[in-house]
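Visitor: Have a look at this prediction, sequence included:
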Amino acid sequence: MKLGFLAILGLLAYLVFLVTQLPVTHVLARLEPLPEKIQIYGAEGTVLAGRAALVQKENWRFEQVTWKLRPWALVTGQLEFDVTFHNSDENRGSARVGTTILRQPYLADLRAHLRLSTLEPLWQPSMINLSGWLGTELDYFDWSPTGLNLNGKATLENITWEGKPSVPIGDFIVVLDTIESNAEPKPKDNVKDSSNERLNNKPGAKMNTDQRIPKNQEKVTYPERMVRGKITDKGGPIQVQGQIQIDPRGAWQLTGTISPRANTPPQIRQIFSFLGRPDQEGRFPISFNGHLPIDKVVGK
């Protein structure tokens, strides 16, 4: 019995090995057209390890892409790769990219360095015209109809307001986590419905479809996920305290306060004159909102 089990296990391992050795060009040819409008150019190597000159999804470009299969993830029913990219515009990143046994895609250990201009398709409407860099240290990121699941830290570096003239406004940190709302309702007390009981006792009576579910249960609902973040500055010319929230439908809202410091340059102080009256502590309220086109970025 044990020998039979080991033989089956060895056969499965050998089949997995054969699949990983398939040339990636053969696999891509079988999958054409690729889902979610993804285009891959200059691919070479195998499923186990390889590279591509360009991976593109609409306005998103990833150059010099490499991947390497993580075999041990298969033991837990996951398909997972170590992936890196390095663009000619200095955008670069690395992550573990995978899918769970339930075919739920995810990213883990996402480390990236991106120009803010790269993210412009995400902001609807566009925020204040800013330039700079976004650095990410995200522990985990996935998406589903119940919302985003986003945990980790992001840094905004060398942020500049592109006015006339351009004004540097500093570096900032955003700490992100995900909370669940609308938790599954508790069962109601088991109260008998005497009228329905009488109906069901009549010969030939048809059961109402609503009665197929026991009266002490309700329809199962999954909790929705809300991403929230805390925004602080790193000691630059502007003091910032803010919060951002992203709901399951991609609507985001940023609120908080900003205030000048003693060493704030005059050109930055002029900006505050357009923000109305400060509070007693000299802070000016801010509020922005918009929508992330999640479906366009990660697919439905």
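Guide: Alright, I've got the coordinates. Numbers count the residues shown, from 1 in each chain.

Visitor: Show me the shaky parts of the stretch 151-300 of the chain.
Guide: Within the stretch 151-300 of the chain, the segments meeting pLDDT under 70 span 182-222, 294-300.

Visitor: So which residues of it form helices?
Guide: Counting by DSSP state H, counting those that start in this stretch, the stretch 151-300 of the chain has helices at residues 194-201, 266-272, 294-298.

Visitor: what's the second one packed up against?
Guide: Looking back up the chat, that one is helix 266-272. Applying 3 or more Cβ pairs under 8 Å, 6 or more residues apart in numbering; DSSP states H and E, we find helix 266-272 packed against strand 167-181, strand 251-260. C-betas here are computed from N, CA, C, even on glycine.

Visitor: Can you add distance to residue 279 and mean neighbour count and give these back as a markdown table?
Guide: Compiled in a markdown table, the helices and strands packed on helix 266-272 are given as follows (distance: least, Cβ to Cβ, whole Å; neighbours: other Cβ atoms under 10 Å):
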| stretch | distance to residue 279 | mean neighbour count |
| --- | --- | --- |
| strand 167-181 | 20 | 17 |
| strand 251-260 | 8 | 16 |
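
Visitor: thought residue 44 was touching residue 24?
Guide: Yes. Using Cβ atoms under 8 Å, residue 44 makes contact with residue 24 at a distance of 7.0 Å.

Visitor: Identify the contacts common to those two.
Guide: Listed as contacting both residue 44 and residue 24 by Cβ atoms under 8 Å, 6 or more residues apart in numbering are residue 50.

Visitor: Can you get me a residue count around the residue nearest to residue 89 when sequence neighbours are not counted?
Guide: In this structure, residue 89 finds its nearest non-sequential neighbour in residue 115, 6.5 Å apart by Cβ to Cβ, 6 or more residues apart in numbering. Look at residue 115: counted by other Cβ atoms under 10 Å, it has 15 neighbours.

Visitor: which residues does residue 115 bridge with?
Guide: residue 133 (DSSP bridges).

Visitor: Quick check: it touching residue 90?
Guide: Yes. The pair residue 115 / residue 90 is scored as a contact, 7.4 Å apart, by Cβ under 8 Å.

Visitor: what about residue 81, distance to residue 224?
Guide: Distance of residue 81 to residue 224, given as Cβ to Cβ, to the nearest Å: 29 Å.

Visitor: what do you get for residue 234?
Guide: Counting by Cβ to Cβ, the gap from residue 234 to residue 224 is 33 Å.

Visitor: of those two, who's got more company?
Guide: A side-by-side neighbour count of residue 234 and residue 224, using other Cβ under 10 Å, places residue 224 first with 16 against 12.

Visitor: any idea how far residue 181 is from the residue nearest to the more buried one when sequence neighbours are not counted?
Guide: Nearest residue to residue 224, sequence neighbours excluded (Cβ to Cβ, 6+ apart): residue 248, at 4.6 Å. Per Cβ to Cβ, residue 248 is found 9 Å from residue 181.

Visitor: cool, residue 152 as well?
Guide: Distance from residue 152 to residue 181, by Cβ to Cβ: 20 Å.

Visitor: Residue 77 now?
Guide: Relative to residue 181, residue 77 is positioned 29 Å away (Cβ to Cβ).

Visitor: Buried residues in stretch 84-102, which are they?
Guide: 84-85, 87, 91-93, 95-99 (16 or more other Cβ atoms under 10 Å).

Visitor: Quick check: end-to-end length of it?
Guide: 25 Å (Cα to Cα, to the nearest Å).

Visitor: Can you tell me which helices and strands the host helix or strand of residue 39 packs against?
Guide: Residue 39 is part of strand 38-41, with elements assigned from DSSP states H and E. With contacts taken as 3+ Cβ pairs under 8 Å, 6+ apart, strand 38-41 sits against strand 49-57.

Visitor: Tell me the neighbouring strands of the strand it packs on, and mark each as parallel or antiparallel.
Guide: strand 38-41 (antiparallel), strand 44-45 (antiparallel), strand 60-69 (antiparallel).

Visitor: how about that strand: buried residues?
Guide: By neighbour count with 16+ other Cβ under 10 Å, strand 49-57 contains the buried residues 50-52, 54-55, 57.

Visitor: same thing with stretch 58-75?
Guide: If you call a residue buried by 16+ other Cβ under 10 Å, then stretch 58-75 has these buried ones: 61-67, 69, 73.
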